[in-house]
Structures are given as structure tokens and as C-alpha cells.
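Enquirer: Pasting the sequence and the predicted model now:
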Amino acid sequence: MLRNFTILILVSVTIMISCFSNESKYVAIKVRGSDSEVNLVQAIAESFMDQDSLVSVGVTGGGSGAGIAALINGKTDLANSSREITDEELFYARQRGVEPYAIIFAQDALAIVVNENNGVDSLTLNQLSDIYRGAVKNWKELGGNDQKITLYGRQSSSGTYIYFRENIVKNEYDLSMIGMSGTAQIVDAIKDDKNGIGYVSSGYINEKVMERLKVISIKKDAHSVAYSPLDKEKIISGVYPITRPLIQYTNKKPQGKLLEFVLYQFSEVGTSIIQESGFYPVDTRLITAKLRNNES
């Protein structure tokens, strides 16, 4: 009887040790940042977790600035960003012993959207700049109705806000621009505002979202052809003029499960999810080679 009891205790201890061993291998990865990337990275994370029961990937938005700040403060393992890290952010990161490592994992195009009742179908980059810096304030100046233009954009912590300001507006935004906390808010506002205009990630555009909206075709200049971001071939070929890389930052080169997750985004499955989500894959050969070896 005593012998059987001893065996039972040994078996129980072995099972407990095994459980604790498995728990010690469990890894939780935190991802935070760009709202343009959040749905895409969430979809990849769910697929990744289906392949590995010992890892959890939590993805939240909040904007590129919030993601980079969280990386600097040690609150996230990976920061999604639709813009490059600033010199000021890099300075504070290094003060805290953080060395941001940039990984370009996909490409995005920005779409310019207006209400479906808007009479304007195309704009040049200069016209977009004039609209958002306040030099053009009425749709009549652009061939539309005699109505004051309502500007919608993102909040200042958004990477899209900064990208659009630096690359399209090339000036400060007009003070009348209404800053929205996310792409969904911009879309909903313009659906109810026949004079509204906004910029959104092309990956967000689908048939449901497009109800009561129109996507504006964009010309590089007045003498160029207008291209729509709904035509994926025009984005892949590089002729659509508003494209940008989607970036992720880690503290130093990723290792372990975090590296596995990053590389999973470049796998056949990850690439398919990127394309199905309305974004565009990048040539990953050099990126994956650097990630897999000791090159910095």
C-alpha cells in the first residue's frame, strides 16, 4: 500500500514538473502601434498562434507614435509604424538603452475618399496639398459644387498623419482639419458629410466600407494620368503616386519567438494574408537573410 502511494506521488510530481516546464516555455508577445496595420497584423498573429500553442500575440492600435513610445518605455515587444522613427524618438530610445531595429514587412497605398455625391473624380498631388494646407477651401475651385471643403485627417500621434503632412501637404495642416482617432471615424464622418475629404489606408477599403463613398483618382501632376488605388496593378507597378512602406520596430534584432513571428509574416501564409488584407508584399529576400544571420 505504501509502495503504491509512493509511486502515485512520484507520478504526480512528474506531471507537475512537466506542466511547469511547458508553462516556462510559453511566450507572450506584445504588439502595439499603427491603426493602419492593426487589423493586418492581428490576422497574421491569429494564424501564427494557430501554428504554435505556446505563444500568445496581443495586438493593439493607438497610432504609430504610441507604438514607438511603448517600445521606448519597454511596454511592447514590437511597434507597428506607418512612418519612420524620428530623430527625437531615437534620441530618447538610446537614452533608455533601446536600439530600435526597423523591419519593412509590407507596402501600403493611401486612398483619398470623398462622399459619393461629390462631383470631383480626380486630383493632382498639388491640389491635395492646397486642400489640406487651406489654400483651396471650396470644391468649386476644383470643378465641384460651390460648397466649403470639410477636412478630415488623423490625430497627431498617427504615422499616417505625419506621412501625409510631410510627403503630400509639405506644410502644416489647415487649422480647420478635424483630427479623428482612427480610419473608421474618418470614413463614417465622410459618409454623412457631402463636402468631406479624408485619407485612409487602401488596405481598409472594401465593398462594405465603400458604401456612400468615392475613391478619388490621383495624378502626379496636371499633365499626368490619374490612377486609382483600387487598381492594385497600378500600386504594384509604382505608378500610383501615394505609397509608403509599413514598418515594424523591435529593440535590437528580434530573437526567439519574436523572430519566428516576424519571419512568419514573410512566409507564404503571411504573404497571402497581406494581400488578402488589401496590402502589398515586399521583396523579403535581403530582409530575411539579415534577420537569420548575425548581420546588423
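Expert: Everything's here; your move. Numbers count the residues shown, from 1 in each chain.
Enquirer: Okay, helices next: where are they in the stretch 151-296 of the chain?
Expert: 159-164, 183-191, 232-236, 256-264, 268-276, 285-292 (DSSP state H, counting those that start in this stretch).
Enquirer: Quick check: mean pLDDT of the second one?
Expert: This points to helix 183-191. Across helix 183-191, the average pLDDT comes to 93.
Enquirer: Where does the prediction get shaky in the stretch 1-150 of the chain?
Expert: The stretch 1-150 of the chain contains residues with pLDDT under 70 at 1-24.
Enquirer: in it, which spans are strands?
Expert: 27-33, 55-62, 78-81, 100-115, 122-124, 150-154 (DSSP state E, counting those that start in this stretch).
Enquirer: among the ones you listed, which is the most enclosed?
Expert: strand 78-81 (a mean of 28; mean count of other CB atoms under 10 Å). (Each C-beta comes from the backbone N, C-alpha and C, glycine too.)
Enquirer: Within its sheet, name the partner strands of that one and how each one runs.
Expert: strand 27-33 (parallel), strand 243-251 (antiparallel) (DSSP bridges).
Enquirer: and Arg96, which of these is closest to it?
Expert: strand 243-251 (9.6 Å; CB to CB).
Enquirer: Convert the C-alpha atoms of the closest one to CSV, please.
Expert: This file holds the C-alpha atoms of strand 243-251, laid out as CSV (Å, rounded to 0.1, in the frame of the first residue of the first chain):
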residue,chain,number,x,y,z
THR,A,243,2.5,54.7,-51.5
ARG,A,244,4.5,54.0,-48.3
PRO,A,245,6.3,51.2,-46.5
LEU,A,246,4.8,49.6,-43.4
ILE,A,247,7.5,49.3,-40.7
GLN,A,248,7.9,47.4,-37.5
TYR,A,249,10.4,48.3,-34.8
THR,A,250,11.9,45.9,-32.2
ASN,A,251,14.5,46.6,-29.5
